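Peer 1: heads up, no residue letters with this:
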């Protein structure tokens with residue numbers, strides 16, 4: 001963009017000095033007066049309208065290009081079904097948070113969330129209803145988290161919420177809010193949906209993969225304890 005603007009400015013400045021040197025306008029006027037039958041003067045407003053038309057055309061194409069770029073950027077970092085961020089975006093965000101911790105000492109936690117008995121929903125109501133449940137579930141997550149948090153679809157019926165500047169206690173509070181909001185919502189098919197949640201807080205010298213493993217282990221413990229549970233270290237609540 002900057003290179004294009006620079007070239008346009010340079011070209012027009014060069015053209016200005018060239019036309020000024022040859023007295024282009026005066027020469028054109030003399031030519032039109034000398035050859036009136038050619039109607040050369042009629043081309044002047046035509047050149048103006050043509051230039052204006054080209055400018056409008058270029059602006060429309062520019063806006064279309066910007067809109068298309070935004071769509072591609074959105075698609076590259078969002079899950080197409082739920083509208084949440086995708087796995088790649090979450091991983092990149094987590095790596096950024098780890099780098100921020102190394103600079104500032106900031107912490108973050110993750111909630112690994114799994115919809116309980118989701119396969120049963122698909123088997124009883126079909127995959128279309130299952131997709132609607134995923135979308136409604138994702139909307140509840142979005143409405144529950146803070147603006148600085150990142151909600152992503154990890155895969156299938158699993159989701160991850162990355163909570164910036166949040167320790168175990170704050171993560172547990174968020175998990176409890178999610179379960180409360182799920183309990184208060186009637187999903188498509190007049191059914192209730194619960195979720196099991198495993199929580200892991202980032203600690204010094206911990207990699208993101210290790211953090212995921214810890215959250216996954218606690219999610220497994222929540223499932224084994226009867227589902228619709230929150231497990232974070234020694235914390236276990238229904």
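Peer 2: That came in fine, so what should we check first? Everything numeric in this text was worked out from a predicted model, so none of it was measured. Numbering: from 1, shown residues only.

Peer 1: what's across from the nearest residue to residue 150 once chain neighbours are set aside in the sheet?
Peer 2: Once flanking residues are discounted, residue 150 sits nearest to residue 162: 4.3 Å by Cβ to Cβ, 6 or more residues apart in numbering. From N, CA and C alone the C-beta is placed, and that goes for glycine too. Taking DSSP bridges, one finds residue 110, residue 150 as the beta-bridge partners of residue 162.

Peer 1: Next one: residue 162 relative to residue 142, how far apart?
Peer 2: 13 Å (Cβ to Cβ, to the nearest Å).

Peer 1: same question, residue 158
Peer 2: Distance from residue 158 to residue 142, by Cβ to Cβ: 16 Å.

Peer 1: Same check on residue 105?
Peer 2: 29 Å.

Peer 1: Which of the two has more residues huddled nearby?
Peer 2: Higher neighbour count among residue 105 and residue 142: residue 142, with 14 against 8, using other Cβ atoms under 10 Å.

Peer 1: And the more buried one, how close does it get to residue 108?
Peer 2: 18 Å.

Peer 1: what does residue 144 give?
Peer 2: 17 Å.

Peer 1: ok, those two, which is more surrounded?
Peer 2: residue 108 (24 against 18).

Peer 1: what's that one in contact with, if anything?
Peer 2: Going by Cβ atoms under 8 Å, 6 or more residues apart in numbering, residue 108 touches 94, 97, 101, 162, 163, 164, 165, 166, 201, 202.

Peer 1: ok, for the first one, nearest residue in space, not its chain neighbours?
Peer 2: The one in question is residue 94. residue 208 (4.5 Å).

Peer 1: gap between that neighbour and residue 145?
Peer 2: Residue 208 is 19 Å from residue 145, by Cβ to Cβ.

Peer 1: Then residue 192?
Peer 2: Taken as Cβ to Cβ, the span from residue 192 to residue 145 is 21 Å.

Peer 1: ok, back up a step: and the residue nearest to residue 150, what does it touch?
Peer 2: 90, 93, 94, 97, 108, 109, 110, 149, 150, 152.

Peer 1: at 7 Å instead, please
Peer 2: The contact partners of residue 162, by Cβ atoms under 7 Å, 6 or more residues apart in numbering, come to 90, 93, 94, 108, 110, 149, 150.
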